[in-house]
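Undergrad: sharing a sequence plus its predicted fold:
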Amino acid sequence: MAKKRVLLLYISVNSGHQKAALAIEKALNLLDPEVEILNVNSFNYTNPLVEKVINRTYLGVIKNRPEVWEYLYDNPKVFRSLGKLRDLIHRFNSGKLKTLLDEFKPDVIACTQAFPCGMIADYKVSFGLNAPLIGVLTDCYPHSYWFFDSVDYYVVNSETATNKLAEHGIPREKIKVYGIPIDPKFANDVDTDAVSEKLGLDTKKPTVLIMGGGQGLGPIAELVNELNRTSRTQQMIVIAGSNNRLFDWLERRKRSLRIKTAVYGFTSEVDELMSVSTLIVTKPGGLTISEALSKRLPIIILNPIPGQEAKNTEYLLSEGAAVKADSAADAALLTDMLLGHRSKLEQMRGNAQRIAKPRSSVDIAKLILECTRS
């Protein structure tokens, strides 16, 4: 019997979309080591400059003019005006895409971002591709660029997202509430005593985890100083991601902090670090919050990006799993408040556990494998 082939498509290296695709790949290998998987950055099938231009423009806008991104994100007028450009890009890339599909011959295609999902959806209509297409959302709500009739299944994190898709004509039987895909290891128990010992942390004291996504965005340095100056925090873990300037500053600064501090750059040990933490202060990227929920971590939201992260914030607040800080100083005050109110912390932990989907990538992998057999 020929091996089943699964094509996974994402955009941008070191992005949440790539992490989601890698989580699905890992789950597929756990369930069926014989399946053949090709995990591809879709920007490889555009002009090489496109990825750099888009990433730099996006980061520049969200750092310097976030109100511009707020206007552009899921704006019906912008969506309609970009329709012709989107169709042109899809047609321009169809030749490269055809080569990929003809050579790999996937039995199933799963996309963790709307751009490749749209390309494949259009390709299915234009060229009669029969492989099932699965759109996997990595934020809490779908936006206008996700809606395609030729997508066979959508994977979302909540019934609210299901309702949003249904409002745009997507049949409910096509929608699976499996969650945002995170590494399967987040469903596993961690030896917290061993991790705490490795980090030099006291298991009897609360630990605050600070993150700013993979790129270490947000007022992290300011927050560290505020916590050191005003809060009852006694130990913390700070993850700088790929922000080397922040990492170097933290390494220097921690020597003079009164708070016991462990500093990480880009790390694969987030599951362990979350497991030994009492709460997390973070920007609400889809994967980060899904990982935190899987570890029952109360979330203090700081510096959400307008658009998708603002929507993620709405979801978490509505479910009682998070509180929102308006500034680094406010985040420090909220940290104090939560650490001083065990009942509130436990309530938020319970809400986090209620909406968590730690087996999301495994459930998505099962759906993909079912599609290979259909």
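TA: All right, it came through fine. It should be emphasised that the depicted structure is a prediction, and the values quoted were computed from it without experimental measurement. Residues are numbered from 1 along each chain as shown.
Undergrad: list every C-alpha atom in stretch 132-143, with coordinates, as PDB.
TA: Extracted as PDB, the C-alpha positions of stretch 132-143 are listed here (Å, rounded to 0.1, in the frame of the first residue of the first chain):
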ATOM      1  CA  PRO A 132      -9.500  17.500   0.800                       C
ATOM      2  CA  LEU A 133      -8.500  20.900   2.100                       C
ATOM      3  CA  ILE A 134      -8.500  21.800   5.900                       C
ATOM      4  CA  GLY A 135      -8.200  25.300   7.200                       C
ATOM      5  CA  VAL A 136      -6.700  25.500  10.700                       C
ATOM      6  CA  LEU A 137      -7.300  28.800  12.500                       C
ATOM      7  CA  THR A 138      -4.500  30.000  14.800                       C
ATOM      8  CA  ASP A 139      -6.500  32.800  16.500                       C
ATOM      9  CA  CYS A 140      -9.800  32.800  18.300                       C
ATOM     10  CA  TYR A 141     -11.900  34.300  15.600                       C
ATOM     11  CA  PRO A 142     -11.900  33.900  11.800                       C
ATOM     12  CA  HIS A 143     -11.500  37.000   9.500                       C
END
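Undergrad: let's have the chain start at 315 instead
TA: From this message on, residue numbering opens at 315, which makes the last subject stretch 446-457.
Undergrad: let's test this: mean pLDDT of it, rounded?
TA: Mean pLDDT, stretch 446-457: 96.
Undergrad: list the buried residues in it.
TA: Within stretch 446-457, the residues scored as buried using 16 or more other C-beta atoms under 10 Å are 446-457. Using the backbone N, CA and C atoms, a C-beta is placed for each residue, glycine as well.
Undergrad: run the chain-centre distance for it.
TA: 11 Å (C-alpha atoms, centre = their mean, to the nearest Å).
Undergrad: I figured Asp346 hits Glu684, correct?
TA: No. The pair Asp346 / Glu684 is not scored as a contact, 11.2 Å apart, by C-beta atoms under 8 Å.
Undergrad: which one's more surrounded, the two?
TA: Taking other C-beta atoms under 10 Å, Asp346 and Glu684 do not tie; Asp346 has more neighbours (18 against 12).
Undergrad: for that one, give me its contacts.
TA: Asp346 makes contact with 318, 683, according to C-beta atoms under 8 Å, 6 or more residues apart in numbering.
Undergrad: now do the same end-to-end measure for stretch 443-456.
TA: Using C-alpha to C-alpha, to the nearest Å, the end-to-end distance of stretch 443-456 comes to 24 Å.
Undergrad: contact partners for the closest residue to Ser591 other than its chain neighbours?
TA: Leaving aside its sequence neighbours, Ser591 sits nearest to Leu523 (C-beta to C-beta, 6 or more residues apart in numbering; 3.9 Å). Residues near Leu523 by C-beta under 8 Å, 6+ apart: 550-553, 587-588, 591, 593-596, 611.
Undergrad: Met550 is in what secondary structure piece?
TA: strand 549-553 (DSSP states H and E).
Undergrad: mind listing the strands that strand pairs with, and their directions?
TA: Strand 549-553 has its sheet partners listed here by DSSP bridges as strand 521-525 (parallel), strand 574-578 (parallel).
Undergrad: outside of the next helix or strand after the last one, which residues touch it?
TA: Where DSSP H and E defines the elements, the next helix or strand beyond strand 574-578 is helix 584-589. Contacting residues not belonging to helix 584-589 are listed as 497, 499-500, 502, 504, 506, 509, 523, 551, 553, 578, 581, 594, 605-606, 609, 611 [C-beta under 8 Å, 6+ apart].
Undergrad: mind checking which of these are buried?
TA: Buried by 16+ other C-beta under 10 Å: 497, 499-500, 504, 509, 523, 551, 553, 578, 594, 605-606, 609, 611, out of the contacts of helix 584-589.
Undergrad: want to throw those into CSV with secondary structure, distance to Leu560 and pLDDT?
TA: Shown next, in CSV, are the buried ones among the contacts of helix 584-589 (DSSP: H, G, I helix; E, B strand; the rest coil; distance: C-beta to C-beta, whole Å; pLDDT from 0 to 100):
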residue, secondary structure, distance to Leu560, pLDDT
Asp497, coil, 24, 98
Lys499, helix, 26, 98
Phe500, helix, 25, 98
Val504, coil, 26, 96
Val509, helix, 23, 96
Leu523, strand, 15, 98
Ile551, strand, 14, 98
Ile553, strand, 10, 98
Tyr578, strand, 11, 97
Ile594, strand, 17, 99
Glu605, helix, 20, 99
Ala606, helix, 20, 99
Lys609, coil, 23, 98
Leu611, coil, 21, 98
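Undergrad: noted, bye for now.
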